[in-house]
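Peer 1: Compute the structure for the input listed below.
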Amino acid sequence: MGRRARDRRRQLQPQQRRERSGGGDQAGWAGGYPEIVKENELFERYYREQRIVPDGEWDAFMAALREPLPATLRITGYKSHAREILHCLKEKYFRELQHLEVDGQKVEMPQALSWYPEELAWHTNLSRKILRKSPQLERFHQFLVSETECGNISRQEAVSMIPPLLLNVNPDHKPLGATCPSASPPSG
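Peer 2: Next comes the predicted model:
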């Protein structure tokens, strides 16, 4: 998305955004996003045939797979700019989450992933669905979307953040499956 389109989106008032996404006060929460069906017959058949899950635990296994994952993010870019983004997150957006309850669930303060360098990766107890649909989290979500589009934040699962830390990838390397040149932690 280009800069002009981002600027236009930011200029829309919250009510206009709600109307555009499907109507009413709850449109951001209930409208505009179809429910994701988490069923796949071929997937289930394949794993049943592997017999890696004991028979009595299959339903619990499938229920666990259907649970939404927590939202995680990684701050990217040069160290000085990454520190500015981190400061903004901690001092503005994370503070706004204190004492907030969404859909009966207390929002826990985001936590830095202890194994990721310099507090540049965070996780929250919010699922991506709640994060993007809740009116109370709209400002935080818009910040994340904007910074993701600019390349300052990468929203990815925590497990996907591990390989760049361990592989010692250099600029002249071409690892298979690499889709982002900024996959490693920010440099000086």
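Peer 1: Just give me the neighbour total for the residue nearest to Val107 when sequence neighbours are not counted.
Peer 2: Using Cβ to Cβ, 6 or more residues apart in numbering and skipping residues adjacent in sequence, the residue nearest Val107 is Leu100, 4.3 Å away. Yep, even glycine has a C-beta here, placed from its N, CA and C like the rest. Leu100 sits with 16 neighbouring residues when counted by other Cβ atoms under 10 Å.
Peer 1: Return the distance of Leu100 relative to Met161.
Peer 2: Here Leu100 is placed at a distance of 26 Å from Met161 (Cβ to Cβ, to the nearest Å).
Peer 1: How about Glu119?
Peer 2: 13 Å.
Peer 1: swap in Arg74?
Peer 2: 6 Å.
Peer 1: Arg95 too?
Peer 2: Taking Cβ to Cβ, one finds Arg95 at 24 Å from Met161.
Peer 1: just His81 next, same as before
Peer 2: 19 Å.
Peer 1: Same drill for those two, tell me which one is more crowded.
Peer 2: Between His81 and Met161, counting by other Cβ under 10 Å, Met161 is the more crowded of the two (20 against 13).
Peer 1: quick check, that one in a strand?
Peer 2: No - using DSSP: H, G, I helix; E, B strand; the rest coil, the secondary structure at Met161 is helix, not a strand.
Peer 1: Touching, it and Leu113? I think so.
Peer 2: Yes - using Cβ atoms under 8 Å, Met161 is in contact with Leu113, at 7.2 Å.
Peer 1: Can you show me the strands along this protein?
Peer 2: 70-75, 101-102, 105-106, 111-112, 121-127, 153-154 (DSSP state E).
Peer 1: Go through those strands and find the least confident stretch.
Peer 2: Among those, strand 105-106 carries the lowest mean pLDDT, at a mean of 80.
Peer 1: Adjacent strands (with direction) for it?
Peer 2: Strand 105-106 has its sheet partners listed here by DSSP bridges as strand 101-102 (antiparallel).
Peer 1: Grab the nearest non-local neighbour of Lys106.
Peer 2: Nearest in space to Lys106, with sequence neighbours left out and distances taken as Cβ to Cβ, 6+ apart, is Leu100 at 7.7 Å.
Peer 1: What count of nearby residues applies to Gln111?
Peer 2: 13.
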